[in-house]
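Asks: any chance you could fold what I've pasted below:
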Amino acid sequence: MSVSWVVVGVVSFPIWARAERVWPFGPKEIKEEFLTTPAPAEGVSRTTSARWADMVCR
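Replies: Model (predicted):
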């Protein structure tokens, strides 16, 4: 029974990889989105950790 699951996985993986155009030994495709933090609005105080980081990094 377990051999049949291995066979199903081995057969289905190349089908899935071809449909998705993904291959584990091919070039890496990295998709990352980085959010930029907006500047604080006027009248809003900065956090203690942000003030501490400014003091340490000077």
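
Asks: tell me which element V7 falls in.
Replies: Assigned by DSSP states H and E, V7 belongs to helix 2-20.

Asks: from the contact counts, what lies against that helix?
Replies: Packed against helix 2-20 by the contact rule (3 or more CB pairs under 8 Å, 6 or more residues apart in numbering; DSSP states H and E) you find no helix or strand. Using the backbone N, CA and C atoms, a C-beta is placed for each residue, glycine as well.

Asks: neighbouring contacts of that helix?
Replies: For helix 2-20, contacts defined as CB atoms under 8 Å, 6 or more residues apart in numbering pick out W23, P24.

Asks: so which bits of that helix are buried?
Replies: Using 16 or more other CB atoms under 10 Å as the burial criterion, none of the residues of helix 2-20 qualify.

Asks: need the CA coordinates for that helix. PDB is fine.
Replies: The C-alpha coordinates for helix 2-20 follow below in PDB (Å, rounded to 0.1, in the frame of the first residue of the first chain):
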ATOM      1  CA  SER A   2       2.800   2.500   0.900                       C
ATOM      2  CA  VAL A   3       4.700   1.700  -2.300                       C
ATOM      3  CA  SER A   4       1.600   2.800  -4.300                       C
ATOM      4  CA  TRP A   5       1.600   6.200  -2.500                       C
ATOM      5  CA  VAL A   6       5.300   6.600  -3.400                       C
ATOM      6  CA  VAL A   7       4.600   5.700  -7.000                       C
ATOM      7  CA  VAL A   8       1.600   8.200  -7.100                       C
ATOM      8  CA  GLY A   9       3.900  10.900  -5.700                       C
ATOM      9  CA  VAL A  10       6.700  10.200  -8.100                       C
ATOM     10  CA  VAL A  11       4.400  10.300 -11.100                       C
ATOM     11  CA  SER A  12       2.400  13.300 -10.000                       C
ATOM     12  CA  PHE A  13       5.400  15.500  -9.100                       C
ATOM     13  CA  PRO A  14       6.700  15.900 -12.700                       C
ATOM     14  CA  ILE A  15       3.200  16.600 -13.900                       C
ATOM     15  CA  TRP A  16       2.800  19.300 -11.200                       C
ATOM     16  CA  ALA A  17       6.300  20.700 -11.800                       C
ATOM     17  CA  ARG A  18       5.600  21.000 -15.500                       C
ATOM     18  CA  ALA A  19       2.300  22.700 -15.000                       C
ATOM     19  CA  GLU A  20       3.700  25.200 -12.500                       C
END
